[in-house]
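J.: just a sequence and a predicted model for now, questions to come.
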Amino acid sequence: MTSQREVVVITGASAGVGRATARAWARRGARIALIARGRDGLEGARREVETLGGEALVLPLDVSDHDAVEQAAATVEKELGPIDVWVNNAMLSVFSPIMEMQPEEYRRVTEVTYLGYVWGTLAALRRMKPRDRGAIVQVGSALAYRGIPLQSAYCAAKHAVQGFHDSLRSELIHDGSHVRVVMVQMPALNTPQFRWVRSRLPRKAQPVPPIFQPEVAAEAIVWAAYSGRREVNVGWPASKAIIGNNFFPGLGDHYLARYGYDAQMIDEPEEPGRPDNLWHPLPGDAGAHGVFDDRAIASSAEFELNKRRGGIAAAAAALLGAFLLFRKKR
């Protein structure tokens, strides 16, 4: 499969990680279907894709609508060709204590952040599985393993995606399918969502530091699509949260109870009643970056090492073998 005419579908493509990922595939000359609710952001993404050498198809829709997602997949294949890569990335969240959450808010976040992934995966599989090729990337989070306070709906949805991913991989292996699926677990990212998200916090929200730029996530998504991995952690903070929760979940509960509230807020009061994007997209084109450029990290040494872990392991084994041989000869 060549990269020049690949057909890539990206949900949540109007801003943040999806926007940065569209740029990354555009540099490869891909044909890219851009899916999101907001027309302004989609048109901005289209212009960037075309400027960078790609081809763009704008598909404004809500991924919680199964029929709309299925129709979008059919349109992509008609207009651009067989889908090579499908990236599930669209998300919503609510920053709120659990006792203040409303039933419709849980339902809405679940329908977009979890079921939107399911509908996208099904639309991709219906086309990829008969051809026995293609890749589906689930954009996850360290929060798929370690829930944190004040984001219960989002954490639960990402946990659900992780379980769905495990089930899907097992079934594809059972069927002997060559369709690849990978989940990419993200760290805190500098995206516009922290000024869009519905929030009941007393102060404005922030991603829990350290914060990475969305281009770090985009690079990981593109790489993961061809990696053959089942899961990719991006950045040491994501790995630390996931590994730590495997061994010391109770300690994590108490640590987050003490520090997890303030870590998600800056020292600036929230604006009561400000517009949010839970039910409808906000107007305008926000681009890929949020408001934390002055603190965001543009690369991840841990991810670079992760990409090369096979070579590093082989080199380490060779050094160990040489050392043991040297000791034996002494």
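T.: Received the coordinates, thanks.
J.: residue contacts, the residue nearest the centre of the chain?
T.: By C-alpha atoms, centre = their mean, the chain has its centre lying nearest to Val139, at 2.6 Å. Val139 sits next to 12, 17, 87-89, 91, 183-184, 186, 217, 221 when contact means C-beta atoms under 8 Å, 6 or more residues apart in numbering. Placement of C-beta: from N, CA and C, glycine included.
J.: can you read off the backbone torsions of it?
T.: phi -80, psi 110 (degrees, to the nearest 10).
J.: from Glu104, how far off is it?
T.: Distance from Val139 to Glu104, counting by C-beta to C-beta, to the nearest Å: 25 Å.
J.: also Ile98?
T.: 15 Å.
J.: re earlier: which one of the contacts of Val139 is nearest Pro209?
T.: The nearest member of the contacts of Val139 to Pro209, counting by C-beta to C-beta, is Met186 at 14.2 Å.
J.: quick one, what contacts the closest one?
T.: By C-beta under 8 Å, 6+ apart, the contact list for Met186 reads 17, 139-142, 217, 220, 234-235, 238.
J.: residues touching the closest residue to Ala73 other than its chain neighbours, list them.
T.: Nearest residue to Ala73 in three dimensions, chain neighbours excluded: Ala123, at 3.8 Å (C-beta to C-beta, 6 or more residues apart in numbering). Ala123 is in contact with 69-70, 72-73, 86, counting by C-beta under 8 Å, 6+ apart.
J.: gap between Val58 and Ala45?
T.: On the measure of C-beta to C-beta, Val58 and Ala45 end up 8 Å apart.
J.: kindly report the same for Ala135.
T.: According to C-beta to C-beta, Ala135 and Ala45 sit 21 Å apart.
J.: neighbour count winner among those two?
T.: Ala45 (30 against 24; other C-beta atoms under 10 Å).
J.: doesn't that one lie inside a helix?
T.: Yes: the assignment for Ala45 (DSSP: H, G, I helix; E, B strand; the rest coil) places it in a helix.
J.: ok, now how distant is it from Asp62?
T.: Using C-beta to C-beta, Ala45 is found at 17 Å from Asp62.
J.: tell me the secondary structure at Trp86.
T.: strand.
J.: how close does the nearest residue to it once chain neighbours are set aside get to Glu77?
T.: Among residues not flanking Trp86 along the chain, Ala124 sits closest, at 3.8 Å (C-beta to C-beta, 6+ apart). Separation of Ala124 from Glu77 (C-beta to C-beta): 11 Å.
J.: find residues that contact each of those two.
T.: Listed contacts common to Ala124 and Glu77 are Ile83; contacts here mean C-beta under 8 Å, 6+ apart.
J.: what's the neighbour count on Gln226?
T.: No Gln there; residue 226 is Tyr. 13.
J.: what does the host helix or strand of it contact?
T.: Here Tyr226 sits within helix 214-227, counting by DSSP states H and E. The contact list for helix 214-227, computed with C-beta under 8 Å, 6+ apart, reads 16-17, 19-21, 23-25, 28, 85, 87, 89, 135, 137, 139, 180, 182, 184, 186, 189-191, 232, 234-235, 288-289, 297-300, 303, 307.
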